[in-house]
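[1] got a predicted structure here, sequence first:
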Amino acid sequence: HGDWRVVLTPLVPVPRDWFLPFRGARLLGLASAGGQQMPIFAALGASVTVFDLSENQLASERLVAEREGYDITIVQGDMTQPFPFADGSFDMIFHPVSNCFVRDVEHLWRECYRVLRPGGVVMAGFCNPYNYLFEDSLSPEGDVRVTGRLPVDPVADCSTDELVALAQHGAIEFSHSLETQIGGQLKAGLCLTHLYEDFDPRGP
């Protein structure tokens, strides 16, 4: 009934005028499986493909699609590698905060540019690099303490044993500068037209 919203970041809905018309559009959900945004795009008339590494997230995507009865193309793959799509395959790419799990984010922007048709739209959320300066929880005194340094690159800074330990507690994260995020998009050939800021209520 036209009552919908989606987010790229924790709280702020994506403005609707950022999207191209959905009817018949080819939309790629990049590292955005889980059955959250793709059902909405399918209901709005887009031809939806989701590309994600996580088996659990893809299983959720499949479950929702089967339950709600819409078509979706589900592709498991690694966005650190060349995307398994031809040049100009998509009209829109929707990429929620997830490239913090990628070491070379400029590769990702080059691949987005390649698989996007001329005049297409990429919408992406990403973390401000300053997030990685602070510890995850407050000190007993209630202070937020700077404990990290930028850039955060566990592959360069940690031993093999430390990397294994990090991976056992969840995905390994990398901080990216605004130069590699926004500058990387521009270098890849994309054009920045819109920007907004959000915050994560769980963080310091």
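    Looks like it arrived, so ask away. Remember, predicted model here, so these are calculated numbers, not experimental data. Numbering: from 1, shown residues only.
[2] low-confidence regions, this protein specifically.
    135-143, 160-170, 203-204 (pLDDT under 70).
[3] which strand runs longest in it?
    strand 116-124 (DSSP state E).
[4] ok, that strand: who's next to it in the sheet?
    strand 90-95 (parallel) (DSSP bridges).
[5] hang on, the earlier thing: against which helices or strands is the following helix or strand past the longest strand of the chain packed?
    As assigned by DSSP states H and E, the chain's next helix or strand after strand 116-124 is helix 154-157. Contact here means 3 or more Cβ pairs under 8 Å, 6 or more residues apart in numbering; DSSP states H and E; on that basis helix 154-157 packs against helix 160-168. C-betas here are computed from N, CA, C, even on glycine.
[6] how about the helices in the chain?
    38-43, 55-68, 105-115, 154-157, 160-168, 178, 184-188 (DSSP state H).
[7] so which elements touch the first one?
    Taking 3+ Cβ pairs under 8 Å, 6+ apart as the contact definition, the neighbouring helices and strands of helix 38-43 are strand 26-30, strand 47-52, helix 55-68.
[8] winner for burial among those?
    strand 26-30 (a mean of 25; mean count of other Cβ atoms under 10 Å).
[9] that one pairs with which strands?
    For strand 26-30, pairing defined by DSSP bridges yields strand 47-52 (parallel), strand 90-95 (parallel).
[10] thank you kindly, that will do.
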